[in-house]
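In: What follows is a protein structure lacking sequence information:
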Ligand SMILES: Nc1nc2c(ncn2[C@@H]2O[C@H](COP(=O)(O)OP(=O)(O)OP(=O)(O)O)[C@@H](O)[C@H]2O)c(=O)[nH]1
């Protein structure tokens, strides 16, 4: 080999060494976790990111079994994923939405300080030897806390907005639009499965007189107290809404008319006993109630509602503070 060829070869070697050095440097400092495991899940590489967040140095963990070192890992589930990477020679992806994290790392980010731990996406990558055989797996761990927190906050804001759009502000019961949807849903369930369902319509007696005597704000307080009493009387499957000013509707799922009457009478007596205090004045109210189950000839929820309303009208006619069932 002449001197020039030897010099060229040395330059190539230097350049390759440099590249290797840079790559190792990048692997160590990159803001992504890198772990290489052999076929028995022994750790062969543990980069700076993993060290910083776990507090475990590469030297102390090299050669040790991943699942023995971190016994909180979902071993059975993770091994299954890893085995399929070995078998299919394909990468696998674990999203934070599937499992919020794989490694229990604390979250130190000031912006997303609300998260206690680091949300992670993890990619499992097959690593082949020169003969093409998959001998190792690389775990790439991405910190996705910011994205996850934003998405979770957006989701909870949307859920809150959806809830607010269904609620009547004064009574905190469902508003008429949403309540009518519940009514329709229960009617449909009855049509499909024949479930016994009853409808209770109720109206505060002489409410105009309450407004006229004590003022509109006192009237509002009465509506709130009556609504609160209705709400406390419900089962989880019941659906109560404010139908109009001082008229309310309750759909009682899986309830025949005879049981709806028990519910209605219990509620009527509770409201009769209510003592509503407004600016040192004690206000007493009563309600009139109409109930109706779904008769065989009824084909739509409007007719059902109108029959319950007719029963309510009869209760008013009968002297108020009573329950009448539609016949
Ligand atoms: N304070 C208050 N009053 C309301 C509200 N919505 C409706 N009202 C009033 O409720 C009163 C309802 O009066 P009416 O429909 O004549 O019925 P009533 O006086 O309750 O008589 P009966 O139902 O026949 O026993 C009206 O004066 C409405 O202005 C509300 O949100 N707050």
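Out: Nice, I can see it. For clarity, every value in this text was computed on a predicted model and none was experimentally measured.

In: beta partners for the spatially closest residue to residue 84 that is not a sequence neighbour?
Out: Take residue 84 and drop its neighbours on the chain: the residue closest to it by Cβ to Cβ, 6 or more residues apart in numbering is residue 92, 6.5 Å away. Placement of C-beta: from N, CA and C, glycine included. On the basis of DSSP bridges, residue 92 is bridged to residue 124.

In: how many neighbours does residue 92 have?
Out: For residue 92, the tally of surrounding residues (other Cβ atoms under 10 Å) stands at 16.

In: repeat for residue 61
Out: 21.

In: now do residue 265
Out: 14.

In: That one contacts residue 323, doesn't it?
Out: Yes: if you go by Cβ atoms under 8 Å, residue 265 and residue 323 touch, sitting 5.6 Å apart.

In: What parts of the stretch 201-327 of the chain come near the ligand?
Out: 203-209, 211, 216, 219-220, 223, 245-246, 316, 320 (Cβ under 6 Å from any ligand atom).

In: any idea where the strands of the chain begin and end?
Out: Residue ranges of the strands in the chain, as given by DSSP state E, are 33-38, 43-46, 92-94, 120-128, 134-143, 198-204, 239-242, 247-252, 276-278, 281-283, 287-293, 323-325.

In: coming back round to it: got a list of what the residue nearest to residue 84 touches?
Out: Neighbour list for residue 92: 81, 82, 84, 85, 123, 124 [criterion: Cβ atoms under 8 Å, 6 or more residues apart in numbering].

In: sorry, back to before: could you dump the strands of the chain to JSON lines with distance to residue 185 and mean pLDDT?
Out: Converted to JSON lines, these look like this (distance: least, Cβ to Cβ, whole Å; pLDDT from 0 to 100):
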{"stretch": "strand 33-38", "distance to residue 185": "48", "mean pLDDT": "97"}
{"stretch": "strand 43-46", "distance to residue 185": "54", "mean pLDDT": "97"}
{"stretch": "strand 92-94", "distance to residue 185": "37", "mean pLDDT": "97"}
{"stretch": "strand 120-128", "distance to residue 185": "38", "mean pLDDT": "97"}
{"stretch": "strand 134-143", "distance to residue 185": "42", "mean pLDDT": "96"}
{"stretch": "strand 198-204", "distance to residue 185": "13", "mean pLDDT": "98"}
{"stretch": "strand 239-242", "distance to residue 185": "8", "mean pLDDT": "98"}
{"stretch": "strand 247-252", "distance to residue 185": "9", "mean pLDDT": "98"}
{"stretch": "strand 276-278", "distance to residue 185": "33", "mean pLDDT": "93"}
{"stretch": "strand 281-283", "distance to residue 185": "35", "mean pLDDT": "94"}
{"stretch": "strand 287-293", "distance to residue 185": "16", "mean pLDDT": "97"}
{"stretch": "strand 323-325", "distance to residue 185": "23", "mean pLDDT": "97"}
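
In: Noted, bye for now.
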